[in-house]
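# Here is my input; please provide its structure:
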Amino acid sequence: MRAKARFYAAVLGESRECVAYHGHIYFPEEAIVKGYFEPSNYESTCSFKGAALTKAKWFIVVVGGQKVENAAWSYDETFESTSPLAGFVGFYEGRGVVVQRPLTSRLLGLWE
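Predicted structure coming up:
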């Protein structure tokens with residue numbers, strides 16, 4: 001699936017290899033712009049995705065001096081049923097972070 005993640009005008013990631021799961025779009029790690037991300041101390045687990053006792057790694061998005069705490073996350077390990085998500089990055093939309101999907105973005109005139 002093709003998608004693009006933005007923080008206002010800054011492109012945080014873009015890929016044709018994204019995966020949709022439970023209402024979120026996950027980007028391959030190599031598709032995100034690492035210069036916009038800092039590690040967060042926040043930790044969480046998900047009973048749907050995370051392998052036993054595996055915590056999600058969270059990231060702070062930093063663009064032009066603006067920060068969005070815990071705006072993205074990833075799992076190093078997942079359950080077998082969600083293994084395509086291992087090593088992918090999901091975004092928590094809001095506070096300026098938007099994940100654009102081609103169809104809705106084209107209809108709204110947002111896709112470049």
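# Can you give me every residue that contacts the residue lying closest to residue 74 once chain neighbours are set aside?
Counting by Cβ to Cβ, 6 or more residues apart in numbering, residue 74 lies nearest to residue 89, which is 4.7 Å off, once chain neighbours are set aside. For every residue, glycine as well, the C-beta is placed using N, CA and C. By Cβ atoms under 8 Å, 6 or more residues apart in numbering, the residues touching residue 89 are 13, 26, 27, 28, 29, 32, 59, 72, 73, 74.
# where along the protein do the helices fall?
For the chain, the helices defined by DSSP state H cover 102-108.
# And the strands in the protein, which stretches?
Here the chain has its strands, by DSSP state E, at 3-7, 10-15, 19-21, 24-28, 37-44, 56-63, 66-74, 88-91, 97-100.
# so which of those strands is the most packed in?
Neighbour counts (mean count of other Cβ atoms under 10 Å) averaged over each of the strands of the chain peak at strand 88-91, with a mean of 24.
# show me the contacts for the most centrally placed residue in the chain.
By Cα atoms, centre = their mean, the chain has its centre lying nearest to residue 90, at 2.5 Å. Residue 90 sits next to 24, 25, 26, 27, 72, 73, 74 when contact means Cβ under 8 Å, 6+ apart.
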